[in-house]
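A.B. asks: Give me a 3D structure for the following:
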Amino acid sequence: MRRKTKLIHGGITGDEKTGAVSMPIFQVSTYKQEGVGKHSGYEYSRTGNPTRHALEELIKEIEGGHAGFAFGSGMAAITAVLMTFNQGDHIIFTDDVYGGTYRLVSKVLNRFGLDATFVDTSDMEKIEAAVTDKTKAIYIETPTNPLLKITDLEKVSNFAKEKGFTFIVDNTFSTPYWQNPIDYGADIVLHSATKYLGGHSDVVAGLVVVNSAQLAEDVHFVLNSSGGVLGPHDSWLLMRGIKTLGIRMEEIESNTKAFVDFLSELPEVTNIYYPGLENHKGHDVHHKQARGYGGMISFDVGSGERADQVLRNVRYFTLAESLGAVESLISVPAMMTHASIPKERRGELGITDGLIRVSIGLEDIEDLKEDFLDALRK
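C.D. replies: Predicted structure coming up:
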C-alpha cells in the first residue's frame, strides 16, 4: 500500500461481526472468560483493549515497526520508554529537547538514578564525547523543538549499533507521513499523538513503535505495570485523525513554505528556523531522510516585548501550547513550552525571549500573512 492508502486501510479496519466500516469503540474494562486463563485475547483493558489494539496496529504499520503501543499522553509514552532502563544507566539526549522531556529527565527520573547528558546531536563528535561506560541509549528529536535542529538518523543509528546502544527518536514534528526513523535504523519511535496525528486539538495521546520482539515485551511490561494507557474513545478519535494525516500534511507543507517566504521579507524578523530553507544548517540532512519539511517555524522578533505584542494582537493564530492542529497556533517557547528549562540554559541554546514558534494550520495563507503583519506592526 502507498502512504495515503495505508493511513486509511492499515491496521485493523471495521468490525467483521457487524460490518461496521469504522472500528467500534469498545468502552469496556473487563472481559468474560470461558474458564480460568481461557479468553478471547482480552482479559482487562489496562492490558489490552480492541479499540486501542486497532490503533496500535495502525501506528505499527505506518511507522514500519514490529509493535505499537498507545498511551494516555506523549509524556506517558516517553516515561514508559525511559522506565525500560535501569538505575545507573546513562542516556544521551538532544540538547533542545522538548521542555517536558527535559523536566521529566532532570527533575523526576533522576531521583531513581537515571543519568542523562544533553548535547547537540546534530554534531557526531559531541555525541561521541558524551559516551560513558554507563551509556545505554541515544534519544533524539529531529527536527527539534523549538530550534528545528536536524540529526542524521543513519549516522547516529550506525554509531548506536556499533556501541550496542538503543536508538530512540521522537518523530512528532515530521510525523510518519514525512519521515520513518525505523527505516534508518531507529529502535524506538515516539509520538506526541496529541499533535499532528490527532490533528484537531481534541485528544491527548502518546504512541510508541518498536522494531523488535524484545523491545515490544519490555515496553508492554511497563505499560501494563504502570497503567498509563490510552482510553478506547481517545483511541478511536486518534484513528479518525490519522485517516486525514496525508492530505493535512501536504496542505500544511504548502502553507508553511509560503509563510516562510513571507517572513523572509520582513525586516523585523530574524533567525528563521525552518528545515525547508536551503541555508538552514540541517537542510541537506533532512532532505535526505525525510519527504517533507513540516509545519513548524521558529523565528526571532527581537525582544520579549515585541513577541508579546504579536501574541496579544493576532486573530487567526491561536495563542496556545501544542502544535500540529488544523488551526494555526502561536507561542513563545521561553515563556510556555520551554519555561521549565532554566533561563541560563535557554540562553545557551538560543531560545530567546523574542523567539516565536508557530504551527501552521489549514487556514487561507493570505489570511495568516495579513493577520501576522497587522499584529507585528500594530
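A.B. asks: From Ala193, how far out is Thr5?
C.D. replies: To Ala193, Thr5 is 20 Å away according to Cβ to Cβ, to the nearest Å. In this view, the C-beta of every residue, glycine as well, is placed from N, C-alpha and C.
A.B. asks: Neighbour count: these two, which is higher?
C.D. replies: For Thr5 versus Ala193, neighbours defined as other Cβ atoms under 10 Å are more numerous around Ala193 (32 against 10).
A.B. asks: how about the strands in the stretch 251-378 of the chain?
C.D. replies: Per DSSP state E, counting those that start in this stretch, the stretch 251-378 of the chain has strands spanning 270-273, 296-300, 318-319, 329-331, 355-359. These are given in chain order.
A.B. asks: Throw these into a markdown table and include mean pLDDT and distance to Ile127, thanks.
C.D. replies: Putting those into a markdown table (pLDDT from 0 to 100; distance: least, Cβ to Cβ, whole Å) gives the following:
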| stretch | mean pLDDT | distance to Ile127 |
| --- | --- | --- |
| strand 270-273 | 94 | 21 |
| strand 296-300 | 97 | 23 |
| strand 318-319 | 94 | 36 |
| strand 329-331 | 95 | 29 |
| strand 355-359 | 96 | 25 |
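A.B. asks: In CSV: those, plus distance to Trp178 and mean neighbour count.
C.D. replies: Converted to CSV, those look like this (distance: least, Cβ to Cβ, whole Å; neighbours: other Cβ atoms under 10 Å):
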stretch, distance to Trp178, mean neighbour count
strand 270-273, 17, 16
strand 296-300, 11, 22
strand 318-319, 23, 14
strand 329-331, 19, 23
strand 355-359, 15, 25
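A.B. asks: How about the closest residue to Glu141 other than its chain neighbours: which residues does it bridge to?
C.D. replies: Nearest residue to Glu141, sequence neighbours excluded (Cβ to Cβ, 6 or more residues apart in numbering): Asp170, at 4.4 Å. On the basis of DSSP bridges, Asp170 is bridged to Glu141, Leu190.
A.B. asks: Count the residues that sit near Asp170.
C.D. replies: When neighbours are defined as other Cβ under 10 Å, Asp170 has 28 of them.
A.B. asks: what sits against it?
C.D. replies: With contact taken as Cβ atoms under 8 Å, 6 or more residues apart in numbering, Asp170 is in contact with 78, 97-98, 101, 139-141, 189-192.
A.B. asks: in the stretch 101-250 of the chain, which spans are helices?
C.D. replies: 124-130, 153-163, 175-178, 213-226, 232-243, 245-264 (DSSP state H, counting those that start in this stretch).
A.B. asks: how about the first one: buried residues?
C.D. replies: When neighbours are counted by 16 or more other Cβ atoms under 10 Å, the buried residues of helix 124-130 are found to be 127, 130.
A.B. asks: Give me the contacts around it.
C.D. replies: The set of residues external to helix 124-130 that reach it, using Cβ under 8 Å, 6+ apart, is 92, 117, 119-121, 138, 152, 155-156, 159.
A.B. asks: Could you tell me how many residues sit around the closest residue to Asp371 other than its chain neighbours?
C.D. replies: Among residues not flanking Asp371 along the chain, Tyr316 sits closest, at 4.4 Å (Cβ to Cβ, 6+ apart). When neighbours are counted by other Cβ under 10 Å, Tyr316 registers 17.
A.B. asks: again, but for the one 5 residues further on
C.D. replies: In terms of burial, Glu321 registers 13 neighbours under the definition other Cβ under 10 Å.
A.B. asks: I'd like the distance between it and Gly350.
C.D. replies: As defined by Cβ to Cβ, Glu321 lies at a distance of 20 Å from Gly350.
A.B. asks: likewise Gln27?
C.D. replies: The gap separating Gln27 from Gly350 is 46 Å, by Cβ to Cβ.
A.B. asks: Of the two, which one has the most company?
C.D. replies: When Gln27 is set against Gly350 and neighbours are counted by other Cβ under 10 Å, the residue ahead is Gly350, at 15 against 12.
A.B. asks: Format the contacts of Asp170 as TSV; extra columns: neighbour count.
C.D. replies: As requested, the contacts of Asp170 are exported to TSV (neighbours: other Cβ atoms under 10 Å):
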residue	neighbour count
Ile78	25
Val97	24
Tyr98	25
Thr101	25
Tyr139	25
Ile140	25
Glu141	26
Val189	27
Leu190	25
His191	30
Ser192	29
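A.B. asks: helices and strands of this protein: which one bottoms out on pLDDT?
C.D. replies: In the chain, the helix or strand scored least confidently by mean pLDDT, DSSP states H and E is helix 343-349, which has a mean of 81.
A.B. asks: which parts of it are buried?
C.D. replies: So, applying 16+ other Cβ under 10 Å, buried residues of helix 343-349: 346, 349.
A.B. asks: Counting by contacts, list what it packs against.
C.D. replies: Under the contact criterion of 3 or more Cβ pairs under 8 Å, 6 or more residues apart in numbering; DSSP states H and E, helix 343-349 touches no helix or strand at all.
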